[in-house]
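Undergrad: below is the sequence, then the predicted model.
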Amino acid sequence: MYIHLNDQYKMNKGGFSWSRLLGISATKAKISKQIGIPLTKSGRQQKIGRMVSKGCLVTIFGTASLFGLIMILIYAIW
């Protein structure tokens with residue numbers, strides 16, 4: 001694989017950011033990791049997509065509907 005010298009230096013040219021300088025980006029990242037919910041729209045969409053594709057969402061809905069069915073049966077018996 002041939003890499004141009006100029007191409008490898010393009011990766012690190014992100015420019016100046018006040019958020020990074022003041023530590024806002026790091027603080028947001030720490031909060032996001034602690035609460036387990038991404039703070040960006042794209043991050044939340046990716047998390048939901050992973051949940052759906054791995055079947056986690058199906059398990060949650062299945063458990064909730066099973067719980068609802070049990071509650072209906074208990075209410076019907078009373």
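TA: All right, it came through fine. Just so it is clear, the structure is predicted and the values come from calculations on it, not from any experiment.
Undergrad: hmm, who's touching the helix ranked longest in the chain?
TA: In the chain, with assignment by DSSP state H, the single longest helix is helix 56-77. By CB atoms under 8 Å, 6 or more residues apart in numbering, the surrounding residues in contact with helix 56-77 are Ile48, Arg50, Met51, Val52. (C-beta placed from N, C-alpha, C; glycine too.)
Undergrad: now, those residues that are in helices?
TA: When DSSP H is applied, the contacts of helix 56-77 are split such that Ile48, Arg50, Met51, Val52 fall in helices.
Undergrad: what's the closest non-adjacent residue to the residue nearest the centre of the chain?
TA: Taking CA atoms, centre = their mean, the centroid of the chain lies closest to Lys47, which sits 3.3 Å from it. Leaving aside its sequence neighbours, Lys47 sits nearest to Pro38 (CB to CB, 6 or more residues apart in numbering; 5.8 Å).
Undergrad: show me the contacts for that neighbour.
TA: Residues in contact with Pro38 (CB under 8 Å, 6+ apart) are Ser32, Arg44, Gln46, Lys47.
Undergrad: Ser53 versus the first one, what's the distance?
TA: Same thing as Ser32. 21 Å (CB to CB, to the nearest Å).
Undergrad: the more surrounded of the two?
TA: Between Ser32 and Ser53, counted using other CB atoms under 10 Å, the more crowded position is Ser32 (14 against 9).
Undergrad: next, count neighbours for the nearest residue to the more buried one once chain neighbours are set aside.
TA: Nearest residue to Ser32 in three dimensions, chain neighbours excluded: Leu39, at 4.9 Å (CB to CB, 6+ apart). Residues near Leu39, counting by other CB under 10 Å, number 11.
Undergrad: do Arg50 as well
TA: Arg50 is flanked by 11 other residues according to other CB under 10 Å.
Undergrad: do the same with Ile35
TA: Neighbour number of Ile35 under other CB under 10 Å is 9.
Undergrad: what's the per-residue pLDDT of it here?
TA: What the model reports for Ile35 is a pLDDT of 90.
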